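J.: got a sequence here, can you model it:
(chains A and B)
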2 protein chains.
Amino acid sequence: MYSKSVQNINNLSDQILKVLHKVCGKDKLVLHEPQFCGNEWIYTKDCLDSNFVSTVGSYVDRFEEELKSYTGAKHVIAMINGTSALHMALLLIGIKPGDEILLPSLTFVATANAVNYCGAIPHFIDSNEDTLGIDSSALSSWLNQIAEIRGNKCFNKQTGRPIHALIPMHTFGHPCDLDNLKKIAHDYKLIMVEDAAESIGSWYKGCHTGTIGQIGILSFNGNKTITTGGGGAILTNDDKLAKRAKHLSTTAKKPHRWIYEHDEIGFNYRLPNINAALGCAQLEQLPDFLTSKRRLFTRYAEAFDSLKQVRLISEPAGSKSNYWLQTIVLDESVANQQNAVLKITNDYNIMTRPVWTLLHKLKPYHNFPKAPLPIAESLERRIINIPSSVGLA
Amino acid sequence: MYSKSVQNINNLSDQILKVLHKVCGKDKLVLHEPQFCGNEWIYTKDCLDSNFVSTVGSYVDRFEEELKSYTGAKHVIAMINGTSALHMALLLIGIKPGDEILLPSLTFVATANAVNYCGAIPHFIDSNEDTLGIDSSALSSWLNQIAEIRGNKCFNKQTGRPIHALIPMHTFGHPCDLDNLKKIAHDYKLIMVEDAAESIGSWYKGCHTGTIGQIGILSFNGNKTITTGGGGAILTNDDKLAKRAKHLSTTAKKPHRWIYEHDEIGFNYRLPNINAALGCAQLEQLPDFLTSKRRLFTRYAEAFDSLKQVRLISEPAGSKSNYWLQTIVLDESVANQQNAVLKITNDYNIMTRPVWTLLHKLKPYHNFPKAPLPIAESLERRIINIPSSVGLA
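T.: Prediction:
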């Protein structure tokens, strides 16, 4: 028995490695590396020559304008990273200590950290097998069981705490089921905050991700589809939220030629101009990057077609994904081979990784409220991200 | 009477404007602008070419090494800005919600904001007429009156809360009275956290500011002596604090080739490589920058010598200041002319500004504990910062 099992493991691992070698070649590969083939040098040098490298400068304005134009958001406020953007977004919508916030357990830890920074309580929801985002049916059933509306607010009957917001996250760039989530948010008086950290260039029924909730955020970390080194942005169509975002992220200083007065507890969260210069150059190349990433998906789809125990994640119906991280999901029957696949591919210097450890299992988030999470727990055992950089295809 | 008073005001303002014109010329001047005359472009380009622009990269390591060598700190951990560095420093020393932290009322708002982010309570202390930093005698008298040691901890008898730390800030780059503050911190079981955001290149009795307390921080914001666009650093000689600083500022992710597990609530606070590249180039020029700023001080000193109602702030005895922001202090007798001076100089496009509004007067910090603050309140009426950029002399 033992040797047969080892044989099986080796077989699937070997087959997956073979597919990756076929599509990506045999050179050392990271999961996602940035590409600087545009005006990065020119804009960065121009920024240095202008002497404005910090949080005031023309590239910050330009980056925001170009992001507005690209995403269709009425307002874009550039932030120092995606985490700070999400923290700020939650403060802007009035999250208070003790509020509960619904979010997927299957997301990067920053989603929950931003909630924690507000003193609020993450409340974990199950994910969908196809979109990898919050499952709207599971959310609906769970709220039906645990939530009640009193006055105009939603409360968790089990904890007595208000449930204030819902944070869908577009996993690996794939838009989640926003129409149904929006309806649930409406029914339960929840504010919808879109964590679109991974989904610049992803569209849901013609709208850019991050523009469908009351507020949304993007990330331009070094591993994202486009990068500013570190960076992020808030997207909103709400004039007041946008104005307050700028105020709160620049230490809440009241405008005056020389007086330094701050009327709230503010933050030092604005994107420096030098990072925005990089962002302007990257954004110009985004359409080409997306084409390349889509091409890579097609090549992977062809190559994985023969491996029946492996499903390549494709964009959900009605959505256009940026295919940030290409993802395979093993059948439950071969889930026990996940680690073997990770080991052999990484041993061969083809970087792969599982999805993040589910948040409700992490030490700092172990004792927080959660819905049943069967799909997230199953996906955690089966997801493998594979090399996804622009230029691989 | 009225016209004579106006006459007096105009006279002092005119005289100060004349001095500024004499030293700095008549072109438009900001308070402090960066200078990029070294390897900024070379290093930035090299960073882009390396494809590592984000929080991992050789310039981050190099910047930290060079800061260690320059400051003498055993460990330097580069952060996204001075505010995040101070927030992180306070978390590292174990500041908890409800702790009281002693800090000057005369400081930039970020000092108190970082305390607030920990859920702790700023407790405001008076400043010294000469150093502009915390006055050690006033602090000692105040603690003698309100503090008591129970067990091995200091408590505020008036509020019942623990007093956990003391944050001296080196105002405008001038080292404050660290020997006496260190002694008080020792006597009252307080951890000393140095806010050296303004004082890279400033030395107290041969030690770099920020290295004398248990932990210290620097800022490289765009208006500082050297800049990384946005940036900061933690300085410490404590191995454990340094290790934990890196861990907590990189989302508290445990090292593993592919597993994403986070064992604490972490932050996204590490400096991106592209900003560190700028920092490496700036740091090379720091000695020249300091020489230029010291020369400017000498020129101001000569030019202001004849104005007896105006005192130019000079480095405290035993200290070597970076002279980040050149500062004049009006005599109390002409303090009512501060606004007229600010107005005429700014109207003539010579940027000047008063000190920050004292923190205990700001709306968000209005109701916090405070010692008597007579000197800080007097300084607030009398301080004027004048143009201080490298290259003015």
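
J.: quick one: contacts for the residue in the stretch 1-150 of chain A that chain B sits nearest to?
T.: Nearest residue of the stretch 1-150 of chain A to chain B, counting by Cβ to the nearest Cβ: A:S54, 2.3 Å away. The way it works is simple: take the backbone N, C-alpha and C, and place the C-beta from them, glycine included. By Cβ atoms under 8 Å, 6 or more residues apart in numbering or on different chains, A:S54 lies in contact with A:P272, A:N273, A:I274, B:P34, B:N221, B:G222, B:N223, B:T227, B:G229, B:G230.

J.: now do the SS call for the residue nearest to A:Y348 when sequence neighbours are not counted.
T.: Of all residues not flanking A:Y348 in the chain, A:L17 sits nearest, at 6.0 Å (Cβ to Cβ, 6 or more residues apart in numbering or on different chains). Recorded secondary structure, A:L17: helix (DSSP: H, G, I helix; E, B strand; the rest coil).

J.: what number of residues lie near A:L17?
T.: If you count neighbours by other Cβ atoms under 10 Å in any protein chain shown, A:L17 ends up with 18.

J.: over to A:N152?
T.: 6.

J.: my read: it touches A:Y188, true?
T.: No. Using Cβ atoms under 8 Å, A:N152 is not in contact with A:Y188; the gap is 10.9 Å.

J.: quick one, helices of chain A?
T.: A:2-24, A:40-50, A:58-71, A:82-92, A:109-117, A:136-146, A:178-187, A:239-249, A:273-304, A:338-347, A:374-382 (DSSP state H).

J.: for those helices, give me JSON lines that also has distance to B:N385.
T.: Shown next, in JSON lines, are the helices of chain A (distance: least, Cβ to Cβ, whole Å):
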{"stretch": "helix A:2-24", "distance to B:N385": "57"}
{"stretch": "helix A:40-50", "distance to B:N385": "24"}
{"stretch": "helix A:58-71", "distance to B:N385": "25"}
{"stretch": "helix A:82-92", "distance to B:N385": "29"}
{"stretch": "helix A:109-117", "distance to B:N385": "33"}
{"stretch": "helix A:136-146", "distance to B:N385": "54"}
{"stretch": "helix A:178-187", "distance to B:N385": "49"}
{"stretch": "helix A:239-249", "distance to B:N385": "23"}
{"stretch": "helix A:273-304", "distance to B:N385": "23"}
{"stretch": "helix A:338-347", "distance to B:N385": "55"}
{"stretch": "helix A:374-382", "distance to B:N385": "55"}
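
J.: what domains does the record give for chain A?
T.: Domain assignment of chain A by automatic domain parsing yields the ranges A:2-33+A:286-356, A:40-283.

J.: among these, which is nearest B:Q326?
T.: Among the domains of chain A, domain A:40-283 comes nearest to B:Q326, with 15.3 Å by Cβ to Cβ.

J.: pull up the residues of the stretch 151-300 of chain A that are close to chain B.
T.: Contact residues (Cβ under 8 Å from any Cβ of the partner chain) of the stretch 151-300 of chain A with chain B: A:221-223, A:227, A:229-230, A:251-253, A:257-268, A:270, A:272-275, A:278.

J.: try 7 Å this time
T.: Residues of the stretch 151-300 of chain A found near chain B (Cβ under 7 Å from any Cβ of the partner chain) are A:221-222, A:227, A:229-230, A:251, A:257-266, A:268, A:272-275, A:278.

J.: now do the strands in the stretch 101-250 of chain A.
T.: A:121-125, A:147-150, A:153-156, A:162-166, A:191-195, A:203-204, A:207-208, A:215-219, A:232-236 (DSSP state E, counting those that start in this stretch).

J.: that older thread, turn the helices of chain A into TSV, including mean pLDDT.
T.: TSV is the format used below for those (pLDDT from 0 to 100):
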stretch	mean pLDDT
helix A:2-24	76
helix A:40-50	95
helix A:58-71	98
helix A:82-92	98
helix A:109-117	98
helix A:136-146	98
helix A:178-187	98
helix A:239-249	98
helix A:273-304	98
helix A:338-347	96
helix A:374-382	98
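
J.: just the ones you listed: most buried one?
T.: helix A:82-92 (a mean of 28; mean count of other Cβ atoms under 10 Å in any protein chain shown).

J.: can you give me the angle it makes with strand A:232-236?
T.: 30 degrees (axes from the mean of the first three to the mean of the last three Cα atoms, to 10 degrees).

J.: helix A:82-92 near chain B anywhere?
T.: Yes. Applying Cβ under 7 Å from any Cβ, one finds helix A:82-92 in contact with chain B at A:T83.

J.: and that helix, what does it pack against?
T.: Packed against helix A:82-92 by the contact rule (3 or more Cβ pairs under 7 Å, 6 or more residues apart in numbering or on different chains; DSSP states H and E) you find helix A:109-117, strand A:191-195, strand A:215-219, strand A:232-236, helix A:239-249.

J.: got the CA coordinates for that helix in CSV?
T.: The C-alpha atoms that make up helix A:82-92 are tabulated as CSV, following Å, rounded to 0.1, in the frame of the first residue of the first chain:
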residue,chain,number,x,y,z
GLY,A,82,-3.3,48.3,0.2
THR,A,83,-3.4,47.6,3.9
SER,A,84,-3.4,51.3,4.8
ALA,A,85,-6.1,51.9,2.1
LEU,A,86,-8.3,49.3,3.6
HIS,A,87,-7.7,50.6,7.2
MET,A,88,-8.6,54.1,6.0
ALA,A,89,-11.7,52.9,4.1
LEU,A,90,-13.0,51.2,7.2
LEU,A,91,-12.4,54.3,9.3
LEU,A,92,-14.1,56.4,6.6
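
J.: next one: the residue lying closest to A:M192 once chain neighbours are set aside from chain B, what distance?
T.: Spatial nearest neighbour of A:M192, excluding adjacent residues (Cβ to Cβ, 6+ apart): A:G213 at 3.5 Å. Distance, A:G213 to chain B, by Cβ to the nearest Cβ, to the nearest Å: 21 Å.

J.: what residues does A:P316 make contact with?
T.: A:D130, A:T131, A:H174, A:P175 (Cβ atoms under 7 Å, 6 or more residues apart in numbering or on different chains).

J.: what's around the last one, how many residues?
T.: Which is A:P175. Applying other Cβ under 10 Å, we find 29 residues neighbouring A:P175.

J.: same check, this time on the second one
T.: A:T131 has 23 neighbours, counted by other Cβ under 10 Å.

J.: now the first one
T.: Here the neighbour count serves as a burial measure; for A:D130 (other Cβ under 10 Å) it reads 17.

J.: ok, it - contacts?
T.: When contacts are counted by Cβ under 7 Å, 6+ apart, A:D130 touches A:P316.

J.: go on, the second one?
T.: Applying Cβ under 7 Å, 6+ apart to A:T131 gives the contacts A:H174, A:C176, A:D177, A:P316.

J.: much appreciated, bye for now.
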